[in-house]
Structures are given as C-alpha cells and as structure tokens.
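J.: For reference, the sequence and a predicted model appear below.
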Amino acid sequence: MSMHESTTDRDLYQTADPIVEIRDAEVVFEMDRGVSRVLESADLDIERNEILGIVGESGSGKSMLASAMLDAVVEPGILSGQITYHPDERESVDVLELDDRELKKLRWEDISMVFQGAMSSFNPTMNVGGHFTETLDAHNYDVEAGMNRARELLSDLYLEPERVLEAYPHELSGGMKQRALIALSVVLEPDVLVMDEPTAALDLLMQRSILSLLEKLKEKYDLTLVFITHDLPLVAELADRMAVMYAFQLVEIGPTEEILEHAAHPYTRALLNATPNLDAPLSEMRPIDGSAPDPVDVPAGCSYHPRCPLADDTCVATDPDYHGVSESHGVACHHWAHAAEEIPFNVDAAEATTGGNQR
Amino acid sequence: MNWFIKRTGQAIFTLWAVATLSFGLIRLMPGGAADIMASRLQQQAQGSNIPREQLREMVASQLNVDPDAPIHEAYYQYMSALVQGDFGNSIRYGGQEVNAIIADTLPWTLFLMSLSTLGMFAIALSLGAIMAYKEGSTFDLANTGVGILLSSIPYYVAAVVFIAFLGYRTPLFPVRGRYPSGVDPGFTVEFIGGAFHHAMLPALSFIVTGYGLLALTMRGNSIQVLGEDYVRVARLRGLPDRRIALRYVGRNAVLPLYTSLLISIGFMFGGSIILEILFQYRGIGFEMNEGIIYRDMPLMMGTFLVITFGVVIALWIGDATYGKLDPRIKSGDDSEAY
C-alpha cells in the first residue's frame, strides 16, 4: 500500500484556522486472514466553527475517522498518525500522546461525540437525568450549574427538561432520545462535536428537525460540527465543507457547493448520480457497479479503479495524490480533469439535492 | 396498582388451592387419615375403651377435620383453623402443637437457606463478572470447566462427600445438629458462631453444586452487556471504571438472574428436606420427613403448607419488587410512554 508521501498541494486539506488537524491517520485491525486497514493515511483539517460533512457508503471508514478524533477506536484496532487539537486559548494538544487521565478530560470536555446507536446509548436502568449528573460528576464540574445548562439545552432542543430528565430511556421516543443524547454530549461545553450517523434511525421529518436544531445549537454554543453520514443530500444542506470517503480513504474534499456542482472524483460523481431524487425519473438513477473493496485486500493503485470507467494503467499502478481543482477543493484522482466529461450528471446534482431537501 | 392487586390475588388463590387440596388429601387418604388416627388413639389408651364421642372430638382437635361432620362443615372448620394459624397437634411429639414445632424449626431452615442463597449469589455474580471481563483467558476457561463439572453433581451427593471428608476424615465441621450441644441459645458468640459452623456443610452442598450455572449465566449476560453501546459511551464520557462495572455492566447483567434467585428459593425449600435429613438438621424439611415416617398427619400437613406458603410468598415478593430493579418492567398497566 503506497502512502501519500507528499501531496501535490498540502493546502488542499489545510484550512486557515483548524481546530483539529488529522495527519496520516491510520487504523488497522490484525485479523486471522491478514491485516485489515480500515482507515488509510487520512489527512484532514477541521476549521474552527465550521460544519464539516463526511460522506461515504457503509464500511468506508467514516466511523473510524470519527473515533480517531477522540482516540476512541475500539479494541483491538490500532490507531497511528497524528491528531492535533488546537483549543481556543490553551496550547495545542497531541491527542494520541495523551495519558489516560488527560484523554479522559479531552473526551467530552473538548471533543465530544454522538454515536450511531442513539437508541442504545443510554443505560436502560438509569433515568436520563442520572446520565447528566454522573457525567458532570466524573469531570468534576459543578453539578448544579451543569444541570441548569442541561435543562437549557434540552429546552433548546424542544424537549421538556424536567420530564425528560426524570424519564427512563425506554419511556422516550427515538427522536427524543436522540435529542437528549445530543444535549448530553454538549453538556460539558465541548468545542467540537463529532456526530456519527446521528439521524440514521430516524424518520425523515425527525432528521430534518434535528438538522435545524443542530444549526441553532452550533450558533448558540460556538460548536464545530463534524457530521458523518451516508446520506449525501442530508449533509449537502447543512455542511460548509464536505469530505468524501471511499475504501477507507478520503478521496475528495471541498466546499459543499463545489463538490455538488463540480465534483471531480469519479466516485463522488457516481454517488451523486445514484442519489434518489424526486425530480429525476427512476430510469435516470445510476447505481455504481461492483462493490466496495474488502479492507484486507484493497486493490493496488487507486482503490476505486475496478469500478471506475476512467481507469487506465496509471490508476492500477499508482495511488493518486491530491490534485487541486480549485483553491480549496482537492481530489485524489489521476483523471480528475476528465471526470466531468466522462460522467455527466443525470440531473443538475446541486439543484437536485438542495431542491429535494426543501421538500 | 391494578397489576399488584391481581398478582396478590393470584398468590392468595394459590395458597387457598393448596390448603383445599391438602384438606382433600386428608379426607381421601386410603383408609382415611381420621380412621388411622382414631385407631392409634385407641391403641394408646391401652385397653380402656374411649367412648366413640370422645374419640371423635380428639381426632377433630388434632386433625382439624371432624370425621363425622358433613364435608362442608368439616371444610369450614379446617379452613378457619388454618386462617387462625392452627395446624393441630402432632402425634410424633406427643400432642405438642404443630405451630410450636414450626416456630422452632422454620427459622433454622430460613437461616440455612439465606446463607446458601447469599453465598451462592455472591460467588456466582462476582466470579461471572470477572470471567466476562477476562473473556477467553485461562481463568475464564478453567472456571467455565469447573463450573460445569460442579453443576452436574447433585447437591445430596456433594453433601455425602462433604460429610465423609470434611466431617469425618478431617473433622473440620460438625455433621449433625443445628448448634453445639451444651450451648444455650442466645446472642452469644458461642451460639451464633456454632450455628454458622453447623450450617456450613449443608450450605456448602447447595453453594458448590449451584454456583456454577449461575456464574456462567452471569458471565454470558455480562459479556453481552459489555458489548452494548451505552457501555462504550459511558467509557467515553469518562465515568470511573468502578461505576461502569457496577452501575452499567453489573446492574444490567444481574436483571435476568433475579428470576433465577426466586426459582432457587423454591428449589432450596424442596431441597431442604433431603439435606436436613442428611445432616440431622432440625429444620422444617426434617420435621416434614418425621411427619411422613410417623404417619403424623398434622405435622406433615403443617410443614407441607408452610413450605408452600414460603415459596408462594417468595415469588410474590420477587414479582412485586422486580419493577424496582428494572424500570422497564413497570408493574403492568401503569407504565406510560410519552
């Protein structure tokens, strides 16, 4: 597996004032049938106060990237690389160098996370309020002030604070649990909130309302949001920038508008074409042929080449570096310049996705 | 609340049904329990003929069943005596009240059972949790093997082995009786210590043969809970390990075992009969056996009813308190979802 020794343009994934810098992050699992590399040399900056959307299909390494930011990759996964957190007023922190106590402080106090399984993120034998108090307690926060903040957060999320705090998890609906979990993850006033598929188990209406609540929350509490999802139209509406993952690598990074209108990676373009859309007839929807690679046996060269209509010998031989499409738009593809001609959008993707969302 | 009333009604119905069945048994026993008793009283009187009327009264007072009364009247007498807590008089113990015998022996059986249950659950729960945390280790594998092996031994076989090895070969523990002879019952170190010493082997027989399966169940539950999202989130939230182990893993893994606890109470009540005979431990099971051997109908019925009452009440308490343990099991209809 070749590494990106140097990218053509480092600036492409760098931002002016990053709050989290991820460099060459890699997660491997030792398995009986070989080494499973589920995150490969990921380079990414998260700009202060932005909303970054990370998109990719199931099993593309999105969750690993999310866990990596808190050094919370599940055992026996091994995380390497460098992850730097730049707090507002304190010195920068090398996340992977922290000892257990410091890591405990970083998690939830600085960088917090909302998990995929919101339905099962609460202890069924404890009321919701108990989760808040024990978290405040474990981090030596003032419990009373913290609970007042929790009540405010809950009402910001359109929940009745007293009722929810007294309720047991099974007494709340999915959407309520999800919102309570968001409140729980920001109760210690973190700077960064990483959300891993926070809306996957919810119906469309609830997804929409949670998205708008998140935007409100972000403004009010000065949060930086990292939103991880497989649902491209969902982030398109919310995110300032987007990063697309394929086969455990980041293949394209750029501002949301740019990605939607001028996606330069064949995979991103195919993904946009595969997005269901009410305006487009079903016959125009294009599924992507083939299937995602096995983490133990990722194709040599560009990992997308077996499925890519533009692939040639170069793609099989060498892993592409980042190429600058524009100042802030990078893509890991040898043939990025021709992608737009070769894979035309079946409808105007940007219009379609945002148009679909306003519904 | 409705549920609670219903559940209590069920318990009371069970008690009534058992009492009625035992009444039927007394009346329908081959030869008739009343006839047997009458003839035995006649024998005891040795020659001097007891008038039939007096004999009938004696039988009635001892058995709570008047053999000559019509069935509904006899049933009424029997039940009202039961409700007043009157089980009649024992034949085996020369007319002593069965009540007094039960009052003397029941606490000992309860003591032995509590000791066994507490010991068994303390060992099983902590061992199972440790095994789960060390899943796949040698410690885990060894204890799984030992647990399965010990669980396949019947408790009375274990009891005999304990008597032979720990009672006679190396006399560490007394093998008979409830407390050391020559010690007066009371709150003295000798008496209480002696009582524990005497209860040790019978309790061990239950514990050693019973903890294995429980520990394996606890292990399985804990492993399952350890994989739950809420445990992972709790770790990320920086909760202390102790709190996660007790409040998150322990609490959720123990829930399904609560039912096992109740079942084991019933099992131990039944098992106490054999065990108390083996250890000559004068508990309620021992007296029941005496009642059977000596055809002592009132004693037999009294102990039988008390054992049944014990199991029914234990299950009732368990059901009534389960909701406290697991908030998801709100007692029936008062659970509200919003």
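T.: Cool, got the structure. Numbering: from 1, shown residues only, chains lettered A, B, ... in the order given.
J.: Run through the residues of chain A sitting next to chain B.
T.: Contact residues, chain A versus chain B (Cβ under 8 Å from any Cβ of the partner chain): A:70, A:72, A:74, A:104-105, A:107-108, A:113, A:115-117, A:120-127, A:134-135, A:138-139, A:163, A:167-168, A:170-172, A:184. Just so you know, the C-beta spots here come from the backbone N, C-alpha and C atoms, and that holds for glycine as well.
J.: Can you select the buried ones from those in PyMOL?
T.: The following PyMOL line selects those of these that are buried, judged by 16 or more other Cβ atoms under 10 Å in any protein chain shown:
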select buried, chain A and resi 70+72+104+105+107+108+113+115+116+117+120+121+122+123+124+125+126+127+134+135+138+139+167+168+170+171+172+184
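J.: and the residues of chain A next to chain B, which of them are in strands?
T.: Of the positions in the residues of chain A next to chain B, A:M113 sit in strands, assigned by DSSP state E.
J.: Among the residues of chain A next to chain B, name the ones in helices.
T.: A:K104, A:K105, A:R107, A:W108, A:E134, A:T135, A:A138, A:R163, A:L184 (DSSP state H).
J.: and which of those is nearest A:Y246?
T.: A:R107 (28.3 Å; Cβ to Cβ).
J.: How many residues are close by A:D231?
T.: By other Cβ atoms under 10 Å in any protein chain shown, the residues close to A:D231 number 15.
J.: what does A:E258 give?
T.: Using other Cβ under 10 Å: A:E258 sits among 20 other residues.
J.: Show me the contact partners of whatever helix or strand it lives in.
T.: A:E258 is part of helix A:256-262, with elements assigned from DSSP states H and E. Under the criterion Cβ atoms under 8 Å, 6 or more residues apart in numbering or on different chains, residues A:53, A:235-236, A:239-242, A:244, A:252, A:268, A:272, A:325-326, A:328-329, A:340, A:349-350, A:353-354 lie in contact with helix A:256-262.
J.: what comes up buried for the helix or strand following that helix?
T.: Downstream of helix A:256-262, the first helix or strand assigned by DSSP H and E is helix A:266-274. The neighbour-count check on helix A:266-274 (16+ other Cβ under 10 Å) flags A:P266, A:Y267, A:T268, A:R269, A:A270, A:L271, A:L272, A:N273 as buried.
J.: list the helices and strands helix A:266-274 packs on?
T.: strand A:241-246, strand A:249-255, helix A:336-342, helix A:349-358 (3 or more Cβ pairs under 8 Å, 6 or more residues apart in numbering or on different chains; DSSP states H and E).
J.: Mean pLDDT lowest where, among these?
T.: Among the helices and strands packed on helix A:266-274, helix A:349-358 has the lowest mean pLDDT, at a mean of 48.
J.: B:N89 contacts B:I101, correct?
T.: No - assessed by Cβ atoms under 8 Å, B:N89 is found out of contact with B:I101, at 9.7 Å.
J.: Leaving out chain neighbours, which residue sits closest to residue 93?
T.: Since no chain was named, I'll use chain A. Closest residue in space to A:V93, ignoring its immediate chain neighbours: A:Y85 at 4.5 Å, by Cβ to Cβ, 6 or more residues apart in numbering or on different chains.
J.: if you could check chain B rather than the one you did, that'd help
T.: Nearest non-adjacent residue to B:Y93, counting by Cβ to Cβ, 6+ apart: B:I101, 6.3 Å away.
J.: Please apply the same query to B:F279.
T.: That would be B:P202: by Cβ to Cβ, 6+ apart, it lies 4.9 Å from B:F279.
J.: residues touching residue 294, list them.
T.: Here I'm looking at chain A. A:D294 neighbours (Cβ under 8 Å, 6+ apart): none.
J.: let's do chain B instead
T.: B:I91, B:R92.
J.: Relative to chain A, how far out is it?
T.: To chain A, B:Y294 is 51 Å away according to Cβ to the nearest Cβ, to the nearest Å.
J.: what's that residue sitting at in phi/psi?
T.: phi -90, psi 10 (degrees, to the nearest 10).
J.: Do you know the pLDDT at it?
T.: pLDDT at B:Y294 comes out at 83.
J.: Check which element follows the strand or helix carrying B:F286 along the chain.
T.: In this structure, B:F286 sits in helix B:284-293 according to DSSP H and E. Counting by DSSP H and E, the element after helix B:284-293 in chain order, helix or strand, is helix B:297-325.
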